[in-house]
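Asker: sequence and predicted model, in that order:
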Amino acid sequence: MPKKTILIADDDLGYRFPIKNLFEDDFEVLEADNIEQMKALASSADSWIVDVRLPSEKMEGIEAVRQLWKGSKKPKVIFISVMPEWTAKRQLQALKDDSIPYQWLEKPFELELLFKIVKANLGD
């Protein structure tokens, strides 16, 4: 059975590298450090771990998820951010309006918690 694929989209190598190390034994791991890379890789991933402030000239992580979701295989989305969830209320409402489910983890978070969430989301 092929491994499920996780996309880690975060420009901070201090988060991306440990997350990659955590998942690479159990999952195929793709990495993006900006929106453009995320767009190129998103369609092949079963789960997206996305930094809310992922850099781009045109948009941030939440809007990228909203746009990419429409043409994807409906991956499980987990946002990671130094900001509390309530600070992105307006942007997140657009996801809710489009019926896009997501989860939110505030940085810093326990890597084991992220691992448990992903495993539960993907049924592994």
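Answerer: Arrived safely, thanks for sending.
Asker: now this structure, which segments are flagged as low pLDDT?
Answerer: Scanning the chain for pLDDT under 70 picks out 72, 124.
Asker: assign a three-state SS to the residue nearest to the spatial centre of it, would you?
Answerer: In the chain, the residue lying closest to the centroid (Cα atoms, centre = their mean) is I49, at 2.0 Å. Using DSSP: H, G, I helix; E, B strand; the rest coil, the secondary structure recorded for I49 is strand.
Asker: my read: it touches T5, true?
Answerer: No. Using Cβ atoms under 8 Å, I49 is not in contact with T5; the gap is 11.6 Å. Any C-beta I mention is one placed from the backbone N, CA and C, and that applies to glycine too.
Asker: now stretch 68-88: buried residues?
Answerer: Neighbour counts over stretch 68-88 (16 or more other Cβ atoms under 10 Å) mark L68, W69, S72, P75, K76, V77, I78, F79, I80, S81, A88 as buried.
Asker: in helices, which of these fall?
Answerer: Counting by DSSP state H, the part of the buried residues of stretch 68-88 found in helices is L68, W69.
Asker: now render the buried residues of stretch 68-88 as a markdown table, adding distance to P101.
Answerer: Output for these, formatted as a markdown table (distance: Cβ to Cβ, whole Å):
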| residue | distance to P101 |
| --- | --- |
| L68 | 14 |
| W69 | 10 |
| S72 | 13 |
| P75 | 10 |
| K76 | 8 |
| V77 | 7 |
| I78 | 10 |
| F79 | 11 |
| I80 | 16 |
| S81 | 17 |
| A88 | 15 |
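Asker: would you map the helices across the chain?
Answerer: Residue ranges of the helices in the chain, as given by DSSP H, are 13-23, 35-41, 61-69, 89-97, 111-121.
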